[in-house]
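S.K.: 3D model of this:
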Amino acid sequence: MLVKRNVVTLLMVAALASFTALPATAQERIPVVATFSILGDLVSRVGGDRIDLTTLVGPDGDGHVYSPTPADARRVAEARLVVTNGLEFEGWIDRLIASSGTDAKVIAASDSIAAIAEEEDEDDDTGHDHGHAKGHSHGHSHGHDRKDAHNHSHDHAQGRDHAGHEHGEFDPHAWQDVDNVKAYVANIRDALVEIDPEGAEAYAENAEGYLAELADLEKDIEAAVASIPEDRRKVITTHDAFAYFSRAYGLEFIAPQGVSTESEASARDVGEIIRQIRELGVRAVFVENISDPRLIERISAETGAQVGGTLYSDALSPPEGPAGTYIEMMRHNIRVLSEALAS
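M.R.: Residues are numbered from 1 along each chain as shown. Coordinates of the predicted model:
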């Protein structure tokens with residue numbers, strides 16, 4: 001019996017030693033919160049099996065108007081890292097963080113990007129016209145140096161107060177430019193390494209592999225836009241979510257709503273959009289997955305422009321849908337745009 005007990009004891013010690021040597025995939029994972037679905041996908045790609053990820057605003061959810069729940073506060077309280085978009089996209093996040101009492105590290109994934117100031121969005125009478133591209137001259141300097149934009153750094157930990165869901169001085173939809181998402185990935189990687197140094201190698205490898213995929217994605221988007229005749233590169237969407245895409249890749253986006261879906265398009269704005277469609281010969285208009293399609297359907301009916309399809313702007317589709325990941329979302333959008341505008 002003594003021999004048996006010794007054998008059992010040795011096996012238990014060996015099992016315990018092997019368990020403590022295992023990575024976070026087999027032990028307790030690092031609790032991380034991301035604010036919305038697009039950001040959640042990026043965090044999951046970098047964090048991999050070492051993290052336990054909660055995404056507050058899920059697929060097809062509108063982060064502009066989200067109302068946090070008590071369960072959200074609990075998740076934030078338990079987190080070691082909270083990843084936000086920044087640029088005041090989540091007008092509710094500072095209040096949620098404060099009410100949760102969390103000790104988590106809080107980052108804005110958009111820190112260090114060249115953000116578009118909202119006044120730069122106001123290029124035409126509707127206030128929502130964009131058409132600048134990397135490597136093209138439009139009276140400003142564009143491209144990877146982003147000289148026409150503003151470097152932005154935002155720290156939610158400082159507890160900036162937001163009124164309602166209103167955005168600040170910058171357009172928050174920075175993920176529509178793949179270059180910016182590369183910066184998001186680097187910021188997420190660095191934050192994860194800081195809270196989990198033992199996972200540094202894994203996070204670096206995950207980020208490196210994903211950055212390579214993003215580089216391929218960017219080349220494909222540029223090639224797809226190049227295949228669209230220049231006189232057809234005008235796009236009508238519901239709300240002003242594509243300024244970064246416009247600046248990066250050269251399509252011109254016109255929208256009756258502002259950068260937040262909370263703002264309602266005025267009759268004047270809608271009338272101006274209809275006038276522009278007729279004057280410019282715009283072929284197609286597009287609905288968004290987070291927006292009521294009736295406004296675009298009305299514009300289509302009054303102008304004869306066809307509804308070209310659904311674009312995913314501020315949220316992914318469910319996993320089984322056409323835009324279940326960030327890369328799938330961007331590929332879906334450029335495919336829908338190309339098919340509608342190039343034919």
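
S.K.: Run through this protein and note the low-pLDDT ranges.
M.R.: Residues of the chain that meet the criterion pLDDT under 70 lie in 1-27, 119-168, 256-265.

S.K.: Tell me where it has strands.
M.R.: Ranges of strands within the chain are 30-36, 51-57, 81-84, 105-108, 114-115, 129-130, 150-151, 234-236, 252-254, 284-288, 306-311, based on DSSP state E.

S.K.: which ones are touching N85?
M.R.: T35, F36, L39, G63, A108, A109, S110, P172, A174, W175 (C-beta atoms under 8 Å, 6 or more residues apart in numbering). All C-beta atoms are positioned from the backbone trio N, CA, C, and that covers glycine.

S.K.: returning to what we had before: so which of the strands of the chain comes closest to R298?
M.R.: Closest approach to R298 among the strands of the chain (C-beta to C-beta): strand 284-288, 9.9 Å.

S.K.: re earlier: most packed of the strands of the chain?
M.R.: strand 81-84 (a mean of 27; mean count of other C-beta atoms under 10 Å).

S.K.: export that one as CSV, just CAs?
M.R.: Taking Å, rounded to 0.1, in the frame of the first residue of the first chain, the C-alpha atoms of strand 81-84 are listed here in CSV:
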residue,chain,number,x,y,z
LEU,A,81,-7.3,44.5,-20.7
VAL,A,82,-10.1,46.5,-22.3
VAL,A,83,-9.5,47.4,-26.0
THR,A,84,-11.5,50.3,-27.4
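
S.K.: hmm, who's touching that strand?
M.R.: Strand 81-84 is contacted from outside by 30-35, 39, 43, 76, 90, 93, 97, 102, 104-109, 156, 188, 191-192, 195, using C-beta under 8 Å, 6+ apart.

S.K.: Let me see the ranges of the helices in the stretch 101-250 of the chain.
M.R.: Per DSSP state H, counting those that start in this stretch, the stretch 101-250 of the chain carries helices over the ranges 178-195, 200-226, 243-249.

S.K.: so what secondary structure elements neighbour the longest one?
M.R.: Based on contacts counted as 3 or more C-beta pairs under 8 Å, 6 or more residues apart in numbering; DSSP states H and E, the elements that helix 200-226 packs against are helix 37-47, helix 178-195, helix 243-249, helix 326-342.

S.K.: Export those as CSV, with columns for mean neighbour count and distance to L214.
M.R.: Converted to CSV, the helices and strands packed on helix 200-226 look like this (neighbours: other C-beta atoms under 10 Å; distance: least, C-beta to C-beta, whole Å):
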stretch, mean neighbour count, distance to L214
helix 37-47, 25, 10
helix 178-195, 21, 5
helix 243-249, 26, 13
helix 326-342, 20, 7
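
S.K.: And these: which comes nearest R233?
M.R.: R233 sits nearest to helix 326-342 of all the helices and strands packed on helix 200-226, at 6.8 Å, using C-beta to C-beta.

S.K.: list the helices and strands that closest one packs on?
M.R.: Secondary elements touching helix 326-342 (3+ C-beta pairs under 8 Å, 6+ apart): helix 37-47, helix 200-226, strand 284-288, strand 306-311.

S.K.: chain center to it: distance?
M.R.: Relative to its parent chain, helix 326-342 has a centroid offset of 16 Å by C-alpha atoms, centre = their mean, to the nearest Å.

S.K.: How about stretch 50-61?
M.R.: 12 Å.

S.K.: Now do that stretch: distance from first to last residue.
M.R.: 26 Å (C-alpha to C-alpha, to the nearest Å).

S.K.: Mind listing residues that contact that stretch?
M.R.: Stretch 50-61 is contacted by residues 23-25, 28-37, 39-40, 43-44, 47, 63, 66, 68, 72, 75, 79, 192, 196, 199, 202-203, 289-290, 315-319, 321, 324 when judged by C-beta under 8 Å, 6+ apart.

S.K.: one step back: reformat the helices and strands packed on helix 200-226 as JSON lines; add distance to D216.
M.R.: Converted to JSON lines, the helices and strands packed on helix 200-226 look like this (distance: least, C-beta to C-beta, whole Å):
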{"stretch": "helix 37-47", "distance to D216": "14"}
{"stretch": "helix 178-195", "distance to D216": "10"}
{"stretch": "helix 243-249", "distance to D216": "15"}
{"stretch": "helix 326-342", "distance to D216": "9"}
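
S.K.: Of those, which is nearest P229?
M.R.: Across these, closest to P229 is helix 326-342 (C-beta to C-beta), at 7.1 Å.

S.K.: Report the angle between that closest one and helix 200-226.
M.R.: 0 degrees (axes from the mean of the first three to the mean of the last three C-alpha atoms, to 10 degrees).

S.K.: outside of helix 326-342, which residues touch it?
M.R.: Under C-beta under 8 Å, 6+ apart, the answer for helix 326-342 is 38, 41-42, 175, 178, 181, 213-214, 217, 220-221, 224-225, 227-229, 232-233, 235, 251, 283-284, 286, 306, 308-312, 316-317, 322-323.

S.K.: redo that, cut-off 7 Å
M.R.: 38, 41-42, 178, 181, 213, 217, 221, 224, 227-228, 232-233, 235, 251, 283-284, 308-309, 311-312, 316, 322-323 (C-beta atoms under 7 Å, 6 or more residues apart in numbering).

S.K.: now swap in stretch 223-242 and tell me
M.R.: With C-beta under 7 Å, 6+ apart as the test, stretch 223-242 has contacts from 121, 128, 130, 173, 176, 249-255, 257-259, 261, 273, 277, 280, 282-283, 285-288, 291, 295-296, 299, 305, 311, 313-314, 334, 337-338, 341-342.
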